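Engineer: Structural data only, the sequence is not supplied:
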(Lines give C-alpha, C1' and ligand atoms only; values in the text may rest on other atoms or scores of the structure.)
Protein backbone atom coordinates (compact mmCIF):
# COMPACT_ATOMS: atom_id res chain seq x y z
CA UNK A 1 0.00 0.00 0.00
CA UNK A 2 1.05 3.63 -0.47
CA UNK A 3 1.78 5.49 2.77
CA UNK A 4 0.60 9.05 3.40
CA UNK A 5 3.59 11.38 2.92
CA UNK A 6 3.24 12.81 6.44
CA UNK A 7 4.05 9.50 8.19
CA UNK A 8 7.50 8.78 9.60
CA UNK A 9 8.86 5.26 10.09
CA UNK A 10 7.71 5.02 13.72
CA UNK A 11 4.19 6.01 12.77
CA UNK A 12 4.20 3.40 10.00
CA UNK A 13 5.19 0.75 12.56
CA UNK A 14 2.36 1.78 14.87
CA UNK A 15 0.00 1.67 11.93
CA UNK A 16 1.01 -1.89 11.09
CA UNK A 17 0.48 -2.95 14.71
CA UNK A 18 -2.95 -1.33 14.93
CA UNK A 19 -4.24 -2.13 11.44
CA UNK A 20 -6.95 -4.77 10.99
CA UNK A 21 -5.88 -8.17 9.76
CA UNK A 22 -8.01 -9.06 6.74
CA UNK A 23 -8.57 -12.32 4.88
CA UNK A 24 -10.98 -12.87 2.00
CA UNK A 25 -12.03 -16.43 1.15
CA UNK A 26 -13.92 -17.10 -2.05
CA UNK A 27 -13.71 -20.90 -1.97
CA UNK A 28 -15.24 -22.20 1.28
CA UNK A 29 -18.83 -21.09 0.75
CA UNK A 30 -20.50 -21.85 -2.61
CA UNK A 31 -22.87 -18.86 -2.54
CA UNK A 32 -21.07 -16.04 -0.71
CA UNK A 33 -17.66 -14.47 -0.31
CA UNK A 34 -16.34 -14.60 3.27
CA UNK A 35 -14.58 -11.53 4.65
CA UNK A 36 -12.72 -12.20 7.91
CA UNK A 37 -11.02 -9.42 9.86
CA UNK A 38 -9.43 -8.86 13.26
CA UNK A 39 -9.51 -5.27 14.46
CA UNK A 40 -9.30 -3.03 17.47
CA UNK A 41 -12.27 -1.35 19.11
CA UNK A 42 -13.89 1.56 17.34
CA UNK A 43 -13.82 0.71 13.64
CA UNK A 44 -16.74 -1.70 13.16
CA UNK A 45 -18.76 1.02 11.47
CA UNK A 46 -15.90 1.83 9.11
CA UNK A 47 -15.53 -1.85 8.18
CA UNK A 48 -19.23 -2.18 7.39
CA UNK A 49 -19.05 1.11 5.49
CA UNK A 50 -16.31 -0.23 3.20
CA UNK A 51 -18.43 -3.25 2.27
CA UNK A 52 -21.69 -1.36 1.74
CA UNK A 53 -20.04 1.44 -0.25
CA UNK A 54 -19.05 -1.24 -2.76
CA UNK A 55 -22.78 -2.03 -3.17
CA UNK A 56 -22.34 -5.46 -1.61
CA UNK A 57 -25.03 -7.18 0.43
CA UNK A 58 -24.13 -8.70 3.81
CA UNK A 59 -26.08 -11.97 4.08
CA UNK A 60 -24.59 -13.18 7.38
CA UNK A 61 -22.18 -11.74 9.90
CA UNK A 62 -20.61 -12.73 13.22
CA UNK A 63 -18.89 -10.23 15.50
CA UNK A 64 -17.08 -11.23 18.70
CA UNK A 65 -14.76 -9.52 21.16
CA UNK A 66 -12.29 -10.68 23.80
CA UNK A 67 -12.16 -7.22 25.34
CA UNK A 68 -9.32 -5.84 23.21
CA UNK A 69 -9.53 -7.32 19.74
CA UNK A 70 -12.69 -7.83 17.69
CA UNK A 71 -13.25 -10.61 15.17
CA UNK A 72 -15.63 -9.88 12.29
CA UNK A 73 -16.81 -12.41 9.72
CA UNK A 74 -19.03 -11.20 6.86
CA UNK A 75 -20.70 -13.32 4.18
CA UNK A 76 -21.27 -10.99 1.22
CA UNK A 77 -22.82 -11.12 -2.26
CA UNK A 78 -23.62 -8.56 -4.92
CA UNK A 79 -27.07 -6.92 -4.84
CA UNK A 80 -28.52 -9.70 -7.00
CA UNK A 81 -27.40 -12.38 -4.56
CA UNK A 82 -24.48 -13.59 -6.67
CA UNK A 83 -21.09 -14.56 -5.36
CA UNK A 84 -18.34 -11.99 -5.88
CA UNK A 85 -15.97 -12.94 -8.72
CA UNK A 86 -14.41 -9.62 -9.69
CA UNK A 87 -10.86 -9.85 -8.40
CA UNK A 88 -10.35 -6.08 -8.61
CA UNK A 89 -13.28 -5.51 -6.23
CA UNK A 90 -12.02 -8.18 -3.83
CA UNK A 91 -8.52 -6.67 -3.85
CA UNK A 92 -9.85 -3.17 -3.30
CA UNK A 93 -12.01 -4.36 -0.41
CA UNK A 94 -9.09 -6.16 1.25
CA UNK A 95 -6.82 -3.12 0.92
CA UNK A 96 -9.52 -0.74 2.19
CA UNK A 97 -10.36 -2.86 5.21
CA UNK A 98 -6.66 -3.12 6.04
CA UNK A 99 -6.08 0.64 5.92
CA UNK A 100 -9.22 1.99 7.62
CA UNK A 101 -7.16 4.45 9.73
CA UNK A 102 -6.32 6.49 6.65
CA UNK A 103 -9.51 6.10 4.63
CA UNK A 104 -10.88 9.22 3.01
CA UNK A 105 -14.52 9.78 3.88
CA UNK A 106 -15.42 10.43 0.25
CA UNK A 107 -13.96 11.68 -3.01
CA UNK A 108 -15.68 15.07 -3.23
CA UNK A 109 -13.26 17.94 -3.77
CA UNK A 110 -13.77 21.53 -4.80
CA UNK A 111 -17.44 21.62 -3.87
CA UNK A 112 -19.57 23.32 -1.24
CA UNK A 113 -21.78 21.05 0.88
CA UNK A 114 -25.28 22.24 1.81
CA UNK A 115 -26.95 20.44 4.72
CA UNK A 116 -30.72 20.94 4.79
CA UNK A 117 -33.42 19.71 7.16
CA UNK A 118 -37.05 20.75 7.26
CA UNK A 119 -40.69 19.75 6.81
CA UNK A 120 -41.34 17.38 3.92
CA UNK A 121 -44.12 18.13 1.43
CA UNK A 122 -45.00 17.49 -2.20
CA UNK A 123 -42.95 19.70 -4.50
CA UNK A 124 -40.34 20.70 -1.93
CA UNK A 125 -37.38 19.52 -3.99
CA UNK A 126 -38.55 21.39 -7.07
CA UNK A 127 -38.53 24.60 -5.03
CA UNK A 128 -35.12 23.90 -3.49
CA UNK A 129 -33.52 23.22 -6.87
CA UNK A 130 -35.26 26.24 -8.42
CA UNK A 131 -33.78 28.49 -5.71
CA UNK A 132 -30.30 27.07 -6.31
CA UNK A 133 -30.67 27.57 -10.07
CA UNK A 134 -31.74 31.20 -9.55
CA UNK A 135 -28.65 31.72 -7.38
CA UNK A 136 -26.42 30.38 -10.19
CA UNK A 137 -25.53 27.20 -8.28
CA UNK A 138 -24.82 23.97 -10.12
CA UNK A 139 -25.77 20.75 -8.30
CA UNK A 140 -22.95 18.21 -8.63
CA UNK A 141 -24.32 15.49 -6.32
CA UNK A 142 -27.10 15.21 -3.78
CA UNK A 143 -28.75 12.68 -1.52
CA UNK A 144 -32.24 13.19 -0.09
CA UNK A 145 -33.99 11.18 2.64
CA UNK A 146 -37.46 11.64 4.09
CA UNK A 147 -39.01 10.10 7.19
CA UNK A 148 -41.99 10.85 9.43
CA UNK A 149 -42.77 14.11 7.69
CA UNK A 150 -39.18 15.40 7.83
CA UNK A 151 -36.57 15.76 5.10
CA UNK A 152 -32.78 15.75 5.27
CA UNK A 153 -30.52 16.40 2.33
CA UNK A 154 -26.87 16.98 1.55
CA UNK A 155 -26.36 18.84 -1.71
CA UNK A 156 -22.92 19.43 -3.23
CA UNK A 157 -22.81 22.57 -5.36
CA UNK A 158 -20.43 24.66 -7.47
CA UNK A 159 -20.66 28.04 -9.11
CA UNK A 160 -22.30 27.65 -12.53
CA UNK A 161 -20.00 30.08 -14.32
CA UNK A 162 -16.60 29.23 -12.90
CA UNK A 163 -17.21 25.61 -11.92
CA UNK A 164 -15.43 26.36 -8.64
CA UNK A 165 -16.31 25.91 -4.99
CA UNK A 166 -18.45 28.68 -3.52
CA UNK A 167 -16.48 30.31 -0.73
CA UNK A 168 -17.77 33.89 -0.56
CA UNK A 169 -19.37 34.28 2.87
CA UNK A 170 -21.96 36.82 1.68
CA UNK A 171 -23.10 34.53 -1.09
CA UNK A 172 -23.29 31.58 1.28
CA UNK A 173 -25.44 33.63 3.67
CA UNK A 174 -27.73 34.53 0.77
CA UNK A 175 -28.11 30.87 -0.22
CA UNK A 176 -29.02 29.93 3.33
CA UNK A 177 -31.49 32.80 3.74
CA UNK A 178 -33.29 31.88 0.50
CA UNK A 179 -33.54 28.16 1.33
CA UNK A 180 -34.61 28.43 4.97
CA UNK A 181 -38.20 29.68 4.35
CA UNK A 182 -38.65 27.05 1.61
CA UNK A 183 -37.77 24.27 4.04
CA UNK A 184 -39.99 25.54 6.85
CA UNK A 185 -43.56 24.23 6.79
CA UNK A 186 -46.63 26.28 7.72
CA UNK A 187 -47.09 24.44 11.03
CA UNK A 188 -43.46 23.60 11.69
CA UNK A 189 -42.76 23.83 15.41
CA UNK A 190 -39.09 23.10 14.70
CA UNK A 191 -37.30 25.63 12.53
CA UNK A 192 -35.73 24.49 9.31
CA UNK A 193 -31.95 24.21 9.36
CA UNK A 194 -29.45 25.07 6.67
CA UNK A 195 -25.70 24.93 6.99
CA UNK A 196 -22.77 25.12 4.61
CA UNK A 197 -19.54 23.18 4.96
CA UNK A 198 -16.33 23.01 2.96
CA UNK A 199 -15.38 19.75 4.69
CA UNK A 200 -17.12 16.69 3.25
CA UNK A 201 -17.94 13.71 5.46
CA UNK A 202 -19.46 10.36 4.55
CA UNK A 203 -22.82 11.44 3.12
CA UNK A 204 -25.06 8.67 4.42
CA UNK A 205 -23.57 8.67 7.89
CA UNK A 206 -24.05 12.43 8.06
CA UNK A 207 -27.68 12.09 6.93
CA UNK A 208 -28.33 9.68 9.82
CA UNK A 209 -26.79 12.20 12.21
CA UNK A 210 -28.88 15.05 10.78
CA UNK A 211 -32.16 13.16 11.12
CA UNK A 212 -31.19 11.95 14.59
CA UNK A 213 -30.46 15.53 15.65
CA UNK A 214 -33.80 16.55 14.11
CA UNK A 215 -35.51 13.88 16.28
CA UNK A 216 -37.43 12.36 13.40
CA UNK A 217 -37.79 9.22 15.54
CA UNK A 218 -40.13 11.05 17.96
CA UNK A 219 -42.82 11.81 15.39
CA UNK A 220 -45.81 9.53 14.88
CA UNK A 221 -45.40 7.43 11.72
CA UNK A 222 -48.01 7.62 8.99
CA UNK A 223 -50.59 4.86 8.76
CA UNK A 224 -48.97 3.86 5.47
CA UNK A 225 -45.67 2.96 7.18
CA UNK A 226 -47.14 1.12 10.16
CA UNK A 227 -47.31 -2.25 8.40
CA UNK A 228 -43.60 -2.12 7.53
CA UNK A 229 -42.35 -1.00 10.91
CA UNK A 230 -39.29 -3.05 12.01
CA UNK A 231 -39.67 -5.21 15.12
CA UNK A 232 -37.09 -4.15 17.70
CA UNK A 233 -36.66 -5.23 21.31
CA UNK A 234 -34.08 -4.46 23.98
CA UNK A 235 -33.33 -6.66 26.99
CA UNK A 236 -30.57 -6.69 29.58
CA UNK A 237 -28.38 -9.73 30.15
CA UNK A 238 -27.53 -8.84 33.72
CA UNK A 239 -25.15 -11.75 34.28
CA UNK A 240 -22.70 -10.40 31.70
CA UNK A 241 -23.61 -6.71 31.85
CA UNK A 242 -24.82 -6.47 28.25
CA UNK A 243 -27.94 -4.98 26.73
CA UNK A 244 -29.23 -7.22 23.94
CA UNK A 245 -30.86 -5.57 20.93
CA UNK A 246 -32.91 -7.77 18.60
CA UNK A 247 -34.10 -6.58 15.19
CA UNK A 248 -36.35 -8.35 12.71
CA UNK A 249 -37.32 -6.62 9.48
CA UNK A 250 -37.32 -6.82 5.70
CA UNK A 251 -33.82 -7.32 4.34
CA UNK A 252 -32.31 -4.70 2.05
CA UNK A 253 -28.87 -3.35 1.08
CA UNK A 254 -27.02 -1.29 3.72
CA UNK A 255 -29.30 -2.46 6.52
CA UNK A 256 -26.41 -3.39 8.83
CA UNK A 257 -24.67 -0.08 8.14
CA UNK A 258 -27.79 1.89 9.09
CA UNK A 259 -28.22 0.07 12.42
CA UNK A 260 -24.52 0.13 13.40
CA UNK A 261 -24.30 3.80 12.40
CA UNK A 262 -27.16 4.65 14.75
CA UNK A 263 -25.78 2.62 17.66
CA UNK A 264 -22.39 4.30 17.17
CA UNK A 265 -23.88 7.80 17.07
CA UNK A 266 -25.81 7.00 20.26
CA UNK A 267 -22.42 6.13 21.84
CA UNK A 268 -23.00 2.40 22.26
CA UNK A 269 -20.27 -0.16 21.62
CA UNK A 270 -21.13 -3.41 19.83
CA UNK A 271 -19.18 -6.22 21.53
CA UNK A 272 -20.91 -9.21 19.91
CA UNK A 273 -23.43 -9.56 17.12
CA UNK A 274 -25.03 -12.08 14.83
CA UNK A 275 -26.71 -11.16 11.54
CA UNK A 276 -28.68 -13.64 9.48
CA UNK A 277 -30.96 -13.38 6.44
CA UNK A 278 -33.60 -15.84 5.27
CA UNK A 279 -35.35 -14.99 2.04
CA UNK A 280 -36.25 -11.32 2.29
CA UNK A 281 -36.14 -11.20 6.11
CA UNK A 282 -33.21 -10.10 8.23
CA UNK A 283 -32.53 -11.05 11.85
CA UNK A 284 -29.97 -9.00 13.75
CA UNK A 285 -28.82 -9.33 17.35
CA UNK A 286 -26.36 -7.00 19.09
CA UNK A 287 -24.74 -7.23 22.51
CA UNK A 288 -23.99 -3.62 23.44
CA UNK A 289 -22.78 -1.42 26.27
CA UNK A 290 -22.34 2.28 26.74
CA UNK A 291 -18.87 3.59 25.92
CA UNK A 292 -18.24 3.63 29.70
CA UNK A 293 -18.98 -0.12 29.92
CA UNK A 294 -22.48 0.04 31.44
CA UNK A 295 -25.69 -1.45 29.96
CA UNK A 296 -28.95 0.38 29.29
CA UNK A 297 -30.35 1.40 32.66
CA UNK A 298 -33.92 2.65 32.22
CA UNK A 299 -37.14 1.93 30.35
CA UNK A 300 -37.04 5.41 28.81
CA UNK A 301 -33.58 4.77 27.39
CA UNK A 302 -34.66 1.35 26.18
CA UNK A 303 -37.63 2.86 24.34
CA UNK A 304 -35.41 5.51 22.78
CA UNK A 305 -33.07 2.84 21.39
CA UNK A 306 -36.06 1.03 19.87
CA UNK A 307 -37.38 4.22 18.26
CA UNK A 308 -33.99 5.29 16.91
CA UNK A 309 -33.24 1.91 15.32
CA UNK A 310 -36.69 1.76 13.74
CA UNK A 311 -36.20 5.25 12.34
CA UNK A 312 -32.71 4.41 11.01
CA UNK A 313 -34.08 1.41 9.11
CA UNK A 314 -37.12 3.24 7.71
CA UNK A 315 -35.24 6.30 6.46
CA UNK A 316 -33.77 4.28 3.60
CA UNK A 317 -36.61 1.79 3.10
CA UNK A 318 -37.71 1.73 -0.53
CA UNK A 319 -41.16 3.12 -1.17
CA UNK A 320 -43.18 3.70 -4.31
CA UNK A 321 -41.65 3.50 -7.77
CA UNK A 322 -37.97 3.84 -8.59
CA UNK A 323 -37.33 6.12 -11.56
CA UNK A 324 -33.94 6.63 -13.21
CA UNK A 325 -33.30 9.80 -15.17
CA UNK A 326 -30.30 10.01 -17.49
CA UNK A 327 -29.71 13.03 -19.70
CA UNK A 328 -27.24 15.73 -20.61
CA UNK A 329 -26.85 18.10 -17.70
CA UNK A 330 -27.97 21.73 -18.04
CA UNK A 331 -29.00 24.63 -15.80
CA UNK A 332 -32.44 24.20 -14.16
CA UNK A 333 -32.59 20.52 -15.15
CA UNK A 334 -33.32 19.27 -11.62
CA UNK A 335 -35.86 22.04 -11.01
CA UNK A 336 -37.69 21.19 -14.23
CA UNK A 337 -37.79 17.44 -13.58
CA UNK A 338 -39.01 17.85 -10.01
CA UNK A 339 -41.59 20.45 -11.05
CA UNK A 340 -43.06 17.86 -13.42
CA UNK A 341 -43.26 15.40 -10.54
CA UNK A 342 -45.08 17.99 -8.42
CA UNK A 343 -47.53 18.95 -11.17
CA UNK A 344 -48.52 15.29 -11.52
CA UNK A 345 -48.97 14.72 -7.78
CA UNK A 346 -45.77 12.72 -7.24
CA UNK A 347 -43.80 13.08 -4.02
CA UNK A 348 -40.07 12.32 -4.00
CA UNK A 349 -39.40 10.29 -0.84
CA UNK A 350 -35.75 9.56 -1.61
CA UNK A 351 -33.29 10.73 -4.23
CA UNK A 352 -29.71 10.05 -5.32
CA UNK A 353 -28.39 12.66 -7.71
CA UNK A 354 -25.03 12.55 -9.47
CA UNK A 355 -23.24 14.02 -12.45
CA UNK A 356 -20.40 12.56 -14.50
CA UNK A 357 -18.87 14.93 -16.98
CA UNK A 358 -21.74 16.51 -18.90
CA UNK A 359 -24.26 13.78 -18.00
CA UNK A 360 -26.70 13.66 -15.10
CA UNK A 361 -27.81 10.37 -13.53
CA UNK A 362 -30.60 10.82 -11.01
CA UNK A 363 -32.53 8.16 -9.10
CA UNK A 364 -35.90 9.09 -7.61
CA UNK A 365 -38.23 7.04 -5.42
CA UNK A 366 -41.72 8.51 -5.85
CA UNK A 367 -45.14 7.96 -4.26
CA UNK A 368 -48.50 9.66 -4.61
CA UNK A 369 -49.46 12.44 -2.20
CA UNK A 370 -50.73 9.91 0.37
CA UNK A 371 -47.56 7.83 0.33
CA UNK A 372 -48.87 4.98 -1.83
CA UNK A 373 -47.47 3.59 -5.07
CA UNK A 374 -48.62 5.88 -7.91
CA UNK A 375 -50.79 4.43 -10.66
CA UNK A 376 -49.31 3.56 -14.03
CA UNK A 377 -51.18 6.32 -15.87
CA UNK A 378 -49.52 8.98 -13.75
CA UNK A 379 -46.07 7.48 -14.32
CA UNK A 380 -46.72 7.26 -18.08
CA UNK A 381 -47.79 10.92 -18.17
CA UNK A 382 -44.64 11.99 -16.35
CA UNK A 383 -42.42 9.94 -18.64
CA UNK A 384 -44.11 11.41 -21.72
CA UNK A 385 -43.59 14.95 -20.40
CA UNK A 386 -39.94 14.47 -19.43
CA UNK A 387 -39.06 12.05 -22.21
CA UNK A 388 -39.48 8.28 -22.00
CA UNK A 389 -35.98 7.73 -23.37
CA UNK A 390 -34.54 9.72 -20.45
CA UNK A 391 -36.83 8.64 -17.60
CA UNK A 392 -37.15 4.91 -17.07
CA UNK A 393 -38.85 2.72 -14.48
CA UNK A 394 -36.04 0.75 -12.92
CA UNK A 395 -36.45 -2.66 -11.35
CA UNK A 396 -35.07 -2.91 -7.84
CA UNK A 397 -32.19 -5.33 -7.14
CA UNK A 398 -33.08 -8.98 -6.62
CA UNK A 399 -32.84 -8.62 -2.85
CA UNK A 400 -36.11 -6.64 -2.84
CA UNK A 401 -38.03 -9.32 -4.73
CA UNK A 402 -37.00 -12.51 -2.96
CA UNK A 403 -39.87 -14.46 -1.48
CA UNK A 404 -39.83 -15.06 2.22
CA UNK A 405 -38.64 -18.55 3.04
CA UNK A 406 -40.48 -20.68 5.53
CA UNK A 407 -40.02 -19.12 8.94
CA UNK A 408 -37.99 -21.07 11.44
CA UNK A 409 -39.88 -22.03 14.61
CA UNK A 410 -38.81 -20.08 17.65
CA UNK A 411 -37.35 -17.13 15.75
CA UNK A 412 -38.95 -13.87 16.72
CA UNK A 413 -38.25 -10.63 18.44
CA UNK A 414 -37.64 -10.74 22.15
CA UNK A 415 -36.93 -13.84 24.16
CA UNK A 416 -37.38 -16.28 21.29
CA UNK A 417 -34.81 -14.54 19.15
CA UNK A 418 -32.50 -14.20 22.13
CA UNK A 419 -32.48 -17.98 22.45
CA UNK A 420 -32.01 -18.64 18.72
CA UNK A 421 -29.49 -16.12 17.43
CA UNK A 422 -28.12 -15.51 20.89
CA UNK A 423 -26.99 -19.10 21.11
CA UNK A 424 -24.51 -18.41 18.30
CA UNK A 425 -23.06 -15.44 20.14
CA UNK A 426 -22.92 -17.39 23.41
CA UNK A 427 -20.99 -20.07 21.55
CA UNK A 428 -18.46 -17.41 20.53
CA UNK A 429 -18.27 -16.17 24.12
CA UNK A 430 -17.69 -19.73 25.34
CA UNK A 431 -14.94 -20.30 22.77
CA UNK A 432 -13.26 -17.11 23.97
CA UNK A 433 -13.42 -18.35 27.56
CA UNK A 434 -15.67 -15.55 28.76
CA UNK A 435 -18.51 -17.75 30.00
CA UNK A 436 -18.87 -21.29 31.29
CA UNK A 437 -20.80 -24.02 29.56
CA UNK A 438 -23.99 -25.13 31.32
CA UNK A 439 -24.64 -28.14 29.12
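Structural biologist: Everything's here; your move. This one's a predicted model, so the numbers in the text were calculated from it and none came from an experiment.

Engineer: C-alpha only now, for contacts and for neighbours.
Structural biologist: OK.

Engineer: Please name every helix or strand in contact with the helix or strand encompassing residue 118.
Structural biologist: Assigned by DSSP states H and E, residue 118 belongs to strand 112-119. Contact partners of strand 112-119 among helices and strands, from 3 or more Cα pairs under 8 Å, 6 or more residues apart in numbering; DSSP states H and E: strand 150-159, helix 169-183, strand 193-197.

Engineer: Touching, residue 31 and residue 82? I think so.
Structural biologist: Yes - Residue 31 is within contact range of residue 82, at 6.9 Å (criterion: Cα atoms under 8 Å).

Engineer: Take the helices and strands packed on strand 112-119 and lay them out in JSON lines including distance to residue 111 and mean neighbour count.
Structural biologist: Formatted as JSON lines, the helices and strands packed on strand 112-119 follow (distance: least, Cα to Cα, whole Å; neighbours: other Cα atoms under 10 Å):
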{"stretch": "strand 150-159", "distance to residue 111": "6", "mean neighbour count": "24"}
{"stretch": "helix 169-183", "distance to residue 111": "13", "mean neighbour count": "15"}
{"stretch": "strand 193-197", "distance to residue 111": "9", "mean neighbour count": "18"}
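
Engineer: of the ones you listed, which approaches residue 267 most closely?
Structural biologist: Nearest of those to residue 267, taken as Cα to Cα: strand 150-159 at 21.8 Å.

Engineer: counting contacts, what elements does that closest one pack onto?
Structural biologist: Against strand 150-159 (3+ Cα pairs under 8 Å, 6+ apart) you get strand 112-119, strand 137-147, helix 203-213.

Engineer: want to throw these into TSV with distance to residue 269?
Structural biologist: Formatted as TSV, the helices and strands packed on strand 150-159 follow (distance: least, Cα to Cα, whole Å):
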stretch	distance to residue 269
strand 112-119	27
strand 137-147	26
helix 203-213	17
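
Engineer: and the angle for the strand holding residue 118 with strand 193-197?
Structural biologist: 170 degrees (axes from the mean of the first three to the mean of the last three Cα atoms, to 10 degrees).

Engineer: which stretches of the stretch 251-400 of the chain aren't confidently modelled?
Structural biologist: Filtered on pLDDT under 70, the stretch 251-400 of the chain yields the residue ranges 395-400.

Engineer: pLDDT averaged over stretch 93-111 - what is it?
Structural biologist: The pLDDT scores in stretch 93-111 average 68.

Engineer: What's the end-to-end length of that stretch?
Structural biologist: 27 Å (Cα to Cα, to the nearest Å).

Engineer: List phi and psi for the most centrally placed residue in the chain.
Structural biologist: The chain has residue 258 as the residue nearest its centroid, 4.6 Å off, counting by Cα atoms, centre = their mean. Torsion angles at residue 258 (phi, psi; degrees, to the nearest 10) stand at phi -60, psi -40.

Engineer: when you give positions from now on, start the count at 19
Structural biologist: Got it, the first residue is 19 from now on, which makes the last one we talked about residue 276.

Engineer: Quick one: residues contacting it.
Structural biologist: Contacts here follow Cα atoms under 8 Å, 6 or more residues apart in numbering; on that basis residue 276 touches 226, 330, 331.

Engineer: redo that, cut-off 6 Å
Structural biologist: Taking Cα atoms under 6 Å, 6 or more residues apart in numbering, we find residue 276 in contact with residue 330.
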